[in-house]
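Enquirer: this one's sequence-less:
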């Protein structure tokens, strides 16, 4: 009988997922984090940073479509777009679907993540070689501080709020993003699980609400992320995703997002709504 | 250092969840299945049937509210309601919120499930002692066959389509339900994960579509169920959940469902829509 190898991730101290693997493909300690690529039977290849699943072949489309299209399709004419983090290139791939985009900047702190994505996930990272894309291997916080009134849309595609990404969940960072956006700009950040990260969601929603006139939270189903339910928080200076004319939204050959979903994803379960109104625990 | 015990469930042959447990509370082999009650750190007490999580203290509200309120709140005046399966009593608890309900029948094949729920999950099973409730420890298929033109709403709250529940996923069963419903009746069935059970969802949707004039599929986030995303399929003779007047829907002190969610849960991701139109694999 062959030995069975299972990847087990404690998504909380007392709960997690376990997935049978065919092989380990890559392991390195980068300047910033541990980077592993494994091949699982259920979800195909999986990129793991510091022991946490970042993306997989089978469900990556949900995260990358959903961090991108709500904000991009709400803005009427996004030309200059920034992704903070997102070294796998998946958000860039989705951004490039918009013909209005003239420049998409990727500010990723860890160049090894970009290299690994290009080697092991070409279908995710392929867009990074597009001539409209500028890759900057740099601290997103520094990039934000050095750019004012420049971007139409900024996506904060960060890792979990531990290690290198801690600063990407701070109020001062959202204030910097506000300055880096044009007068009608929109930001969106991945903001973890409504089941397991309630305090974080509550705090980030309060901080973005204090910074932007329009703040909205929406969710998507991502089976390899903790609890399977993931949240994203929008801060917008002018355009409200709930006020768009659905019939005017752009359609793409996507596998999760479509215009009919654009507003419905903001209809939250009661226990998630309560996080945003301070009625929760 | 204390020994750590973890409950690990293979939700597919190569993927699952693992959850740290405080203690095992109950184990028995009933006439129909293995029944375990364990206490986990993350989700509180958990009922496990044949090695699959059925319900937990922390997330039971999602399943029980969502299998119940879409159909019940779509029907204008549900008086007689049947739950097939659902021995834990959670669906009955939600049904009893409607003042129109005169009788709620529970047709559960395994009386031991009812007993265990009453012993270990009183907050879920409490409604079973309500005078409007009639408990029948019987095969749901037989109950359906023996009752014609009787119910306003029928909920199929089954276990997975293995073992005792196989017959609850067959077309002939849905045809029987149609007969057991009044001329304006509605049924809903739990229909597994859009990520892991695509063939089943496709087949059940086709079978219910062939039986009822109105067929709809919706989803909810349940972290202890495979993939974290769960589907429910409605078959209705007259009332369409998408045609209700939202302002007329009843509101309850629920934690997931609310009238604003009633229609939006039918806005499905593209990969789920495709299962219903035979465009999927």
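Expert: Thanks, I have the structure now. None of the values given here were measured: they were computed from a predicted structure.
Enquirer: what's across from residue A:135 in the sheet?
Expert: With DSSP bridges applied, residue A:135 shows beta-bridge pairing to residue A:106.
Enquirer: who are the contact partners of it?
Expert: Residue A:135 makes contacts with A:106, A:108, A:114, A:128, as judged by C-beta atoms under 8 Å, 6 or more residues apart in numbering or on different chains. (Each C-beta comes from the backbone N, C-alpha and C, glycine too.)
Enquirer: for residue A:250, give its distance to chain B.
Expert: Using C-beta to the nearest C-beta, to the nearest Å, one gets 14 Å for the distance from residue A:250 to chain B.
Enquirer: mind listing what that residue touches?
Expert: By C-beta under 8 Å, 6+ apart, the neighbours of residue A:250 are A:73, A:97, A:98, A:259.
Enquirer: just the residues you listed: which are in helices?
Expert: residue A:73 (DSSP state H).
Enquirer: buried subset of the contacts of residue A:250 as a PyMOL selection?
Expert: Provided next is the PyMOL selection string for whichever of the contacts of residue A:250 are buried by 16 or more other C-beta atoms under 10 Å in any protein chain shown:
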select buried, chain A and resi 73+97+98+259
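Enquirer: list just the nearest of the contacts of residue A:250 to chain B.
Expert: Distances from chain B to the contacts of residue A:250, taken as C-beta to the nearest C-beta, are shortest for residue A:259 (10.0 Å).
Enquirer: show me what contacts that closest one?
Expert: Residues in contact with residue A:259, defined by C-beta under 8 Å, 6+ apart, are A:73, A:246, A:247, A:249, A:250, A:251.
Enquirer: residue A:164 touches residue A:30, doesn't it?
Expert: No - under the criterion of C-beta atoms under 8 Å, residue A:164 is not in contact with residue A:30, lying 9.7 Å apart.
Enquirer: so between the two, which is more surrounded?
Expert: residue A:164 (19 against 16; other C-beta atoms under 10 Å in any protein chain shown).
Enquirer: can you report how many residues neighbour the residue of chain A found nearest chain B?
Expert: Of all residues in chain A, residue A:228 sits closest to chain B, at 1.6 Å by C-beta to the nearest C-beta. Neighbour count for residue A:228, taken as other C-beta under 10 Å: 27.
Enquirer: next, the spatially closest residue to residue A:52 that is not a sequence neighbour: phi, psi?
Expert: Among residues not flanking residue A:52 along the chain, residue A:160 sits closest, at 5.7 Å (C-beta to C-beta, 6 or more residues apart in numbering or on different chains). With angles defined as degrees, to the nearest 10, residue A:160 sits at phi -60, psi 160.
Enquirer: what's residue A:160 in contact with, if anything?
Expert: By C-beta under 8 Å, 6+ apart, the contact set of residue A:160 is A:50, A:52, A:192.
Enquirer: could you do residue A:19 as well?
Expert: A:6, A:7, A:8, A:40, A:41, A:42, A:43, A:46, A:224, B:14, B:15, B:16.
Enquirer: would a markdown table of the residues you listed with neighbour count be doable?
Expert: Shown next, in a markdown table, are those (neighbours: other C-beta atoms under 10 Å in any protein chain shown):
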| residue | neighbour count |
| --- | --- |
| A:6 | 16 |
| A:7 | 20 |
| A:8 | 13 |
| A:40 | 23 |
| A:41 | 13 |
| A:42 | 23 |
| A:43 | 22 |
| A:46 | 27 |
| A:224 | 27 |
| B:14 | 17 |
| B:15 | 24 |
| B:16 | 20 |
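Enquirer: let's have those in TSV, adding distance to residue A:139 and pLDDT.
Expert: Shown next, in TSV, are these (distance: C-beta to C-beta, whole Å; pLDDT from 0 to 100):
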residue	distance to residue A:139	pLDDT
A:6	35	97
A:7	30	97
A:8	32	97
A:40	31	98
A:41	37	98
A:42	35	98
A:43	30	98
A:46	26	98
A:224	27	98
B:14	38	97
B:15	35	98
B:16	37	98
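Enquirer: which of those residues fall in strands?
Expert: Using DSSP state E, the subset of the contacts of residue A:19 located in strands is A:6, A:7, A:8, A:40, A:46, B:15, B:16.
Enquirer: how much space is there between the fourth one and residue A:18?
Expert: This points to residue A:40. Plainly put, residue A:40 is 10 Å away from residue A:18 if you go by C-beta to C-beta, to the nearest Å.
Enquirer: just to revisit the earlier point, now for the contacts of residue A:259, which pair is the farthest apart?
Expert: A:73 and A:247 (12.3 Å; C-beta to C-beta).
Enquirer: stretch A:24-41 and chain B, are they touching?
Expert: Yes - judged by C-beta under 8 Å from any C-beta of the partner chain, stretch A:24-41 comes into contact with chain B through A:40, A:41.
Enquirer: residues of that stretch that come out buried?
Expert: Quick answer for stretch A:24-41 (16+ other C-beta under 10 Å): A:25, A:26, A:30, A:32, A:33, A:35, A:36, A:37, A:38, A:39, A:40.
Enquirer: just the endpoints, please. Distance across it?
Expert: Criterion C-alpha to C-alpha, to the nearest Å; first-to-last residue distance in stretch A:24-41 is 12 Å.
Enquirer: quick one: residues in contact with that stretch.
Expert: A:5, A:7, A:19-23, A:45-51, A:56, A:109-110, A:112-113, A:116, A:119-120, A:159, A:163-164, B:13-15.
Enquirer: just to revisit the earlier point, ok, and the most crowded of the contacts of residue A:135?
Expert: residue A:106 (29 neighbours).
Enquirer: that one and residue A:92 touch, don't they?
Expert: Yes - Residue A:106 is within contact range of residue A:92, at 5.8 Å (criterion: C-beta under 8 Å).
Enquirer: and the stretch 151-281 of chain A, which of its residues are near chain B?
Expert: A:195, A:219-223, A:227-229, A:254-258, A:260-261, A:263-265, A:267-271, A:273.
Enquirer: next one, pLDDT for the closest residue to residue A:265 other than its chain neighbours please.
Expert: Using C-beta to C-beta, 6+ apart and skipping the chain neighbours, the partner closest in space to residue A:265 is residue A:218 (4.1 Å). Residue A:218 carries a pLDDT value of 98.
Enquirer: confirm residue A:218 sits in a strand?
Expert: Yes - judged by DSSP: H, G, I helix; E, B strand; the rest coil, residue A:218 forms part of a strand.
Enquirer: OK, contacts around it?
Expert: A:66, A:70, A:231, A:232, A:234, A:241, A:265, A:266, A:268.
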